[in-house]
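Engineer: how would this look folded up:
(chains A and B)
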Amino acid sequence: MEMSISSIKVKVLYFANAKEAAGTQEEQFILSNPTSSDLLLRRILEIHPGIKDLVKTISISVNRKVISEDILLNDKDEIALLPPVAGG
Amino acid sequence: MTQTKGNNVYKKHKFREIEMITEKDISIEKILKSVRDDSVGATVLFIGTVRNFSEVDTIVGMYYESYTRMAEERMQIIIDDAKQKWNINCKLLHRIGDLEVGDVSVVVAVSSFHRHEAFDACQYLVERIKREVQIWKKEKFIGGNERWVKGYLTEK
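Structural biologist: Predicted coordinates for the structure are as follows:
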């Protein structure tokens, strides 16, 4: 049986123009358990409204896997906001 | 309950075993050496450099950043895919940080028994790196303006 935790701590990483809009590269969030990725994103947008303009083009990864639907977050998850990539 | 899946274990061990993102100058010679052996008949080398113009204005430099761990995992997947298609040795190295015009930003070296495989695989690797790897770049223009280069959406 897994122990139920009333809150979870996750790390959020911002890159490129999302980093500039957030004014930070990395943040910790303490969230009530359960919290979904959509809920976290809404909270991020409340704190950093500058990201709203970018959100349509941003992909979200959880533990370095891009998610395509709303998922429940776990303690110690690493979430990243990924603007369109441009290596080379 | 364990959350670790089989191929995550593989990736975890792979991580940082081979550096694919660096803040240091890229040594082309070292990379070439790493893909060569006596069975190789052809080596193809792609060198990406910072150029001095874009459609907007004169460029004086480029800033690169990465989500390094995810980027290197993705690069490993791309290499594995290429090796499924062709019998090659290859090495990818991408630089991040502040670069000047003319600096080498990315190198892809591919060697194989014969040239066709090396040419095809090199192009395949370069295209996928540009589209899929978690790297971002910002053009720095002559007047002091800056602009993030429009990129490709990361898809699932």
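
Engineer: correct me, but residue B:121 touches residue B:89?
Structural biologist: No. Residue B:121 is beyond contact range of residue B:89, at 9.8 Å (criterion: C-beta atoms under 8 Å). (C-beta placed from N, C-alpha, C; glycine too.)

Engineer: Grab the most central residue of chain A for me.
Structural biologist: Centroid-nearest residue in chain A: residue A:79, 4.2 Å away (criterion: C-alpha atoms, centre = their mean).

Engineer: OK, contacts around it?
Structural biologist: By C-beta atoms under 8 Å, 6 or more residues apart in numbering or on different chains, the contact list for residue A:79 reads A:10, A:11, A:12, A:13, A:37, A:40, A:60, A:61, A:62, A:73.

Engineer: State the pLDDT value of the fifth one.
Structural biologist: Meaning residue A:37. On the pLDDT scale, residue A:37 is placed at 98.

Engineer: From chain B, how far out is it?
Structural biologist: 13 Å (C-beta to the nearest C-beta, to the nearest Å).

Engineer: can you give me phi and psi for that residue?
Structural biologist: With angles defined as degrees, to the nearest 10, residue A:37 sits at phi -60, psi -40.

Engineer: Chain A contacts on chain B?
Structural biologist: Residues of chain B found near chain A (C-beta under 8 Å from any C-beta of the partner chain) are B:1, B:48, B:64-65, B:67, B:69-71, B:73, B:94, B:105-106, B:126, B:129-138, B:148-156.

Engineer: Filter these down to the buried ones, PyMOL style.
Structural biologist: Buried subset of those, written as a PyMOL selection, criterion 16 or more other C-beta atoms under 10 Å in any protein chain shown:
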select buried, chain B and resi 48+64+65+67+69+70+71+73+94+105+106+126+129+130+131+132+133+134+135+136+137+138+148+149+151+154
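
Engineer: Which members of the residues of chain B next to chain A are positioned in strands?
Structural biologist: Judged by DSSP state E, those include B:48, B:64, B:65, B:94, B:105, B:106, B:135, B:136, B:137, B:138, B:148 as members of strands.

Engineer: With pLDDT and distance to residue B:82 added, can I get those in TSV?
Structural biologist: Converted to TSV, these look like this (pLDDT from 0 to 100; distance: C-beta to C-beta, whole Å):
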residue	pLDDT	distance to residue B:82
B:48	98	17
B:64	98	23
B:65	98	25
B:94	98	16
B:105	98	20
B:106	98	15
B:135	98	18
B:136	98	23
B:137	98	23
B:138	98	29
B:148	97	28
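
Engineer: hmm, back to that, so, if you compare the contacts of residue A:79, which one comes nearest to residue B:22?
Structural biologist: Closest to residue B:22 out of those is residue A:13 (19.8 Å), distances taken as C-beta to C-beta.

Engineer: hang on, the closest one packs against residue A:80?
Structural biologist: Yes. Under the criterion of C-beta under 8 Å, residue A:13 makes contact with residue A:80 at 4.2 Å.

Engineer: ok, for residue B:101, nearest residue in space, not its chain neighbours?
Structural biologist: The spatially closest residue to residue B:101, leaving aside those adjacent along the chain, is residue B:52, at 4.6 Å (C-beta to C-beta, 6 or more residues apart in numbering or on different chains).

Engineer: Tell me which residues touch the one you found, please.
Structural biologist: Residue B:52 is in contact with B:58, B:59, B:60, B:101, B:102, counting by C-beta under 8 Å, 6+ apart.

Engineer: Which stretches in the chain count as helices?
Structural biologist: This is for chain A. With helices called from DSSP state H, chain A shows them at A:16-22, A:37-47.

Engineer: nope, chain B
Structural biologist: Assigned by DSSP H, chain B shows helices spanning B:6-14, B:28-35, B:68-85, B:115-132.
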